[in-house]
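Visitor: Let's see this in three dimensions:
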Amino acid sequence: MSELSTLARPYAEAVFRMSQDENDLAGWSSRIARLAAIVSDAQVARLITDPTVLTERLAGLIIDVAGSDLGERGANFVKVLAENDRLSLLPEIGVQFETLKAKAEGILEATITSAQELSQAQLDDLVAGLKTRFGRSVNVQMAVDPELIGGAIIAIGDQVIDGSVKGRLQRMSFALQA
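Guide: Predicted coordinates:
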């Protein structure tokens, strides 16, 4: 997995810089998502790994499927990826592009894992608290893990806030053993 992210990083950064130069972060976000979905299709994925399929033909197929909204620069991006045998990296390029986009827009990505499903009011309160604490907008992904017993764990950036009952019990256990 880390190899994929390492290989994808220069492409994600390059297309991100280009999208900033064009002042078209949203457009490129949409293009990359569409391309990632195309190469994730099982039939296209088989073609990508088939050594008998010519690079130009594969790039042309993906460009045709993506449609005219891809534009000349988008088509050139696909051709570069195809020539370097990197089309399969498009989903990871998309993930990294979105991370760069969120950072540029001042948006933090957070994952809230709770012991049970949160109500909309609880989620809104948590998001408001995170916005206040970090001084930035927050995009939230929700997950449920009953093993937490109660409470929640919030992962935002490189910080983890563990307010779960399981975490508290573990900390108490370590303190008692010391």
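
Visitor: got the buried residues for stretch 83-96?
Guide: Arg86, Leu87, Ser88, Leu89, Leu90, Pro91, Glu92, Ile93, Gly94, Val95, Gln96 (16 or more other Cβ atoms under 10 Å). No exception for glycine: its C-beta is placed from N, CA and C like everyone else's.

Visitor: between those residues, which is nearest Glu56?
Guide: Within the buried residues of stretch 83-96, distances to Glu56 taken as Cβ to Cβ reach their minimum at Leu87, with 12.5 Å.

Visitor: related to what we said a few turns ago, export the buried residues of stretch 83-96 as TSV, with columns for pLDDT and secondary structure.
Guide: Listed next are the buried residues of stretch 83-96 as TSV, based on pLDDT from 0 to 100; DSSP: H, G, I helix; E, B strand; the rest coil:
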residue	pLDDT	secondary structure
Arg86	95	coil
Leu87	95	helix
Ser88	94	helix
Leu89	95	helix
Leu90	96	helix
Pro91	95	helix
Glu92	95	helix
Ile93	96	helix
Gly94	95	helix
Val95	92	helix
Gln96	93	helix
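
Visitor: Tell me if I'm right that Val127 and Ser137 touch.
Guide: No. Judged on Cβ atoms under 8 Å, Val127 makes no contact with Ser137 at a distance of 9.1 Å.

Visitor: Give me the more crowded residue out of these two.
Guide: Val127 (16 against 13; other Cβ atoms under 10 Å).

Visitor: which residues touch that one?
Guide: Val138, Val140 (Cβ atoms under 8 Å, 6 or more residues apart in numbering).

Visitor: tell me the domain boundaries of this protein?
Guide: For the chain, automatic domain parsing gives the domain ranges 2-102, 106-177.
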